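Student: sequence first, then the predicted structure, then my questions.
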Amino acid sequence: MKRFPLLSGAALCCLSTFSPSTLAQTTCPALGAINLESGEAPAKIISSTVVAVPPSGLALVGTQIINPLAVSQYCKVTGYVAPQNHFEIRLPDPGAWNGKMYFAACQGFCGTLNGDFDNAGLAQGYAAVTSNGGHFSAPGFDGLWGASSPQLQQDFGYRDNHVVTVAAKKIIEAYYGSAPRRSYMAGCSKGGQGVLEEALSYPDEYDGILPFAPVYDYTGKGVIHASWVTQANRAAGDGNIIDDAAVDLVHDSVLAACDGLDGALDGVVGDPLTCRWKPSDLACSPARPKACLSAPQVHALTQLYAPPTNRFGQLLFPTGNTVGSENAEWKLWVNQHLPTRSFNYQVAQQQMEFLDFARWPQDILNSDPYRFDFTRDPDKLQRGRTLYDSTSVDLRAFAARGGKVLWQHGWADASIPAKSSIHYYLRAVQQYGLPYTSSFFKLYLLPGVTHCGGGPGSDHSDALSALDNWVERGQAPQKIMTYQLNNGALVRPRPVWPFPGVAHFSGSGSPDDPAGWAVIDRGFGSLYPPARVVTYERPYSEVRDRSKTD
């Protein structure tokens with residue numbers, strides 16, 4: 001195995017007398033001397049310095065449970081892989097390294113480099129890595145960086161995570177003298193798509209992945225479903241048919257009907273699939289003249305819960321919004337607050353304007369979500385699908401080398417509907433059978449949890465340790481314990497079992513006592529076989545012909 005020596009032999013002979021912390025002070029700055037400018041991931045280290053952790057501990061970003069005081073210092077390495085794939089690596093002291101690597105993929109439209117994403121792994125002894133997705137941009141949904149920039153589009157779609165992984169492993173080997181013996185990758189939303197893409201296209205790079213609410217159908221969600229939602233809720237003057245007050249009304253009505261179906265009245269819908277609430281339940285009538293929905297509101301809400309279709313009734317995306325996701329997040333993703341557009345509008349407009357086509361503006365056909373035609377326009381998105389989508393369920397190469405998938409999604413997600421994750425899982429089952437699929441792939445649906453965490457549900461867990469234990473010892477997680485994080489304390493414990501298992505409370509004692517919960521296996525029911533989505537039917541080898549995206 002190739003080594004990357006940092007210091008002369010004379011210097012190395014004397015370092016064994018130093019403590020690991022002192023050794024880090026010496027070897028960390030020396031990383032800048034490594035030449036990484038050759039190969040498929042030509043890289044340069046910009047800085048390498050030892051950073052002391054403040055008394056308050058490591059900042060927590062995401063839903064992984066960590067001990068913020070687990071490390072007192074780390075070696076911070078920043079750099080980039082050409083052209084603009086910037087990374088930050090946080091390396092625990094040599095004596096504290098567990099011999100493994102953790103990669104936290106960027107989210108949204110990426111464009112920032114937040115080293116605190118590394119902390120979920122760093123706190124547990126991992127050499128931790130994150131990146132900017134191949135570009136820098138303004139916060140929020142800014143796609144301008146992609147205008148007439150095919151290379152940056154490719155990096156954002158699939159290349160960034162791969163080349164940063166290649167470079168990071170070389171840097172880790174140089175620092176510790178050995179390569180990581182295990183590597184794990186985690187990410188939510190676009191980060192979840194990146195995680196899945198790594199397993200599909202580069203199955204040898206990671207031993208386990210942790211996708212959370214992955215937008216694996218990036219084009220289907222970001223353009224088609226986002227435009228569907230935008231059009232369904234459009235009122236005169238670009239206002240909202242279902243306004244914020246109506247969202248609150250629906251939220252309260254859904255909870256009243258479905259909160260207790262899992263045996264616990266705890267402010268969340270535990271299993272939306274068994275919730276029989278429908279928009280017409282709130283329809284205005286002579287008997288209900290107030291606190292009700294008008295006929296246009298009932299129609300709009302019905303459309304919002306429905307999956308996008310073309311004029312022939314064919315599905316273009318697996319699902320609509322989920323009953324039980326009517327929350328503060330819904331108001332941001334679905335509702336316009338002019339002059340600020342809804343998140344769905346912004347995502348669709350920016351993707352169609354700057355990300356889906358190679359040349360701007362001459363290639364742009366339409367970038368207005370209000371004008372998207374669900375029969376004519378999906379076929380015009382093929383280049384975007386080639387760059388950004390990870391809809392294939394063929395994870396056999398990843399599974400063949402022992403790879404494991406621990407996939408999570410919040411039921412109250414108003415951005416990427418949780419049923420899209422169910423659809424992916426069931427497509428894998430349909431293609432390869434349940435025994436094989438469940439041997440390496442577990443899906444966990446988290447009640448009351450919104451996009452990438454948050455909401456009234458329990459979103460925090462030690463999923464990373466569960467994944468590592470599965471990979472290292474072959475012990476598949478039968479359930480994961482989830483919690484809310486409240487002022488540094490873990491509260492509201494809830495066990496979550498793999499789909500199609502559903503947690504049910506016995507009704508005695510406190511719902512916060514995990515012993516009161518048990519699993520009910522409701523099977524796949526009407527969800528199986530998964531509905532046919534016509535945009536998934538082009539051969540994946542043809543979709544993946546990336547030579548045509550320049």
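Tutor: On my side now, so go ahead. Residues are numbered from 1 along each chain as shown.

Student: dump the residue contacts of the spatially most central residue of the chain.
Tutor: By Cα atoms, centre = their mean, the chain has its centre lying nearest to Cys188, at 1.8 Å. By Cβ atoms under 8 Å, 6 or more residues apart in numbering, the residues touching Cys188 are 62, 107, 211-214, 451-453. Yep, even glycine has a C-beta here, placed from its N, CA and C like the rest.

Student: from those, list just the buried residues.
Tutor: 62, 107, 211-214, 451-453 (16 or more other Cβ atoms under 10 Å).

Student: could you single out the nearest of those residues to Asn240?
Tutor: His451 (19.6 Å; Cβ to Cβ).

Student: name the nearest residue to the closest one, ignoring sequence neighbours.
Tutor: Distances taken as Cβ to Cβ, 6 or more residues apart in numbering put Ser415 closest to His451, at 4.1 Å, once the chain neighbours are dropped.

Student: ok, now which ones touch the one you found?
Tutor: 189, 213, 329, 333, 343, 451 are the contacts of Ser415 under Cβ under 8 Å, 6+ apart.

Student: same question for Ser420.
Tutor: By Cβ under 8 Å, 6+ apart, the neighbours of Ser420 are 216-217, 221, 317-319.

Student: what's the helix or strand for it?
Tutor: Using DSSP states H and E, Ser420 maps to helix 419-432.

Student: ok, of the contacts of Cys188, which one's closest to Gly125?
Tutor: Gly62 (17.3 Å).

Student: could you measure the residue nearest to the centre of the chain against Leu315, distance?
Tutor: Using Cβ to Cβ, to the nearest Å, Cys188 is found at 25 Å from Leu315.

Student: any idea which helix is longest in the chain?
Tutor: When the chain is parsed with DSSP state H, its longest helix is helix 160-176.

Student: for it, output the C-alpha coordinates as PDB.
Tutor: Provided in PDB are the C-alpha atoms of helix 160-176 (Å, rounded to 0.1, in the frame of the first residue of the first chain):
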ATOM      1  CA  ASP A 160     -17.500  16.000  -5.700                       C
ATOM      2  CA  ASN A 161     -18.100  13.300  -3.000                       C
ATOM      3  CA  HIS A 162     -16.100  10.800  -5.000                       C
ATOM      4  CA  VAL A 163     -13.000  12.900  -5.600                       C
ATOM      5  CA  VAL A 164     -13.000  14.400  -2.100                       C
ATOM      6  CA  THR A 165     -13.200  10.800  -0.800                       C
ATOM      7  CA  VAL A 166     -10.200   9.800  -2.800                       C
ATOM      8  CA  ALA A 167      -8.200  12.800  -1.600                       C
ATOM      9  CA  ALA A 168      -9.300  12.500   2.000                       C
ATOM     10  CA  LYS A 169      -8.200   8.900   2.300                       C
ATOM     11  CA  LYS A 170      -4.700   9.800   1.100                       C
ATOM     12  CA  ILE A 171      -4.500  12.600   3.700                       C
ATOM     13  CA  ILE A 172      -5.800  10.300   6.500                       C
ATOM     14  CA  GLU A 173      -3.200   7.700   5.500                       C
ATOM     15  CA  ALA A 174      -0.500  10.300   5.500                       C
ATOM     16  CA  TYR A 175      -1.400  11.500   9.000                       C
ATOM     17  CA  TYR A 176      -1.800   8.200  10.700                       C
END
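
Student: compute the inter-axis angle for whichever helix or strand comes after that helix and helix 160-176.
Tutor: Going down the chain from helix 160-176, the next helix or strand is strand 182-188, by DSSP H and E. Strand 182-188 runs at 140 degrees relative to helix 160-176, counting by axes from the mean of the first three to the mean of the last three Cα atoms, to 10 degrees.

Student: chain center to strand 182-188: distance?
Tutor: The chain centroid and the centroid of strand 182-188 are separated by 11 Å under Cα atoms, centre = their mean, to the nearest Å.

Student: need the CA coordinates for it. PDB is fine.
Tutor: The C-alpha trace of strand 182-188 is given here as PDB (Å, rounded to 0.1, in the frame of the first residue of the first chain):
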ATOM      1  CA  ARG A 182     -13.800   1.200   7.500                       C
ATOM      2  CA  SER A 183     -15.500   4.200   5.900                       C
ATOM      3  CA  TYR A 184     -19.000   5.500   6.400                       C
ATOM      4  CA  MET A 185     -21.000   8.300   4.700                       C
ATOM      5  CA  ALA A 186     -24.000  10.200   5.900                       C
ATOM      6  CA  GLY A 187     -26.100  13.000   4.500                       C
ATOM      7  CA  CYS A 188     -29.600  14.500   4.400                       C
END
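
Student: what about it, average pLDDT?
Tutor: The pLDDT scores in strand 182-188 average 98.

Student: next secondary structure element downstream of that strand?
Tutor: helix 190-201.

Student: give me the neighbour count for Cys292.
Tutor: 17 (other Cβ atoms under 10 Å).

Student: spatially nearest residue to it (excluding sequence neighbours)?
Tutor: Nearest one to Cys292, counting by Cβ to Cβ, 6+ apart, is Cys284 at 3.8 Å.

Student: same check, this time on Trp330
Tutor: Closest residue to Trp330 apart from its sequence neighbours, by Cβ to Cβ, 6+ apart: Ala414 at 4.0 Å.

Student: so who does the one you found touch?
Tutor: Contact partners of Ala414, counting by Cβ under 8 Å, 6+ apart, are 321-322, 325-327, 329-330, 332-334, 450-451.

Student: ok, of those residues, which one's closest to Gly99?
Tutor: The closest of the contacts of Ala414, once distances to Gly99 are taken by Cβ to Cβ, is His451, at 33.3 Å.

Student: can you tell me the SS state at that closest one?
Tutor: Put simply, His451 is coil when judged by DSSP: H, G, I helix; E, B strand; the rest coil.
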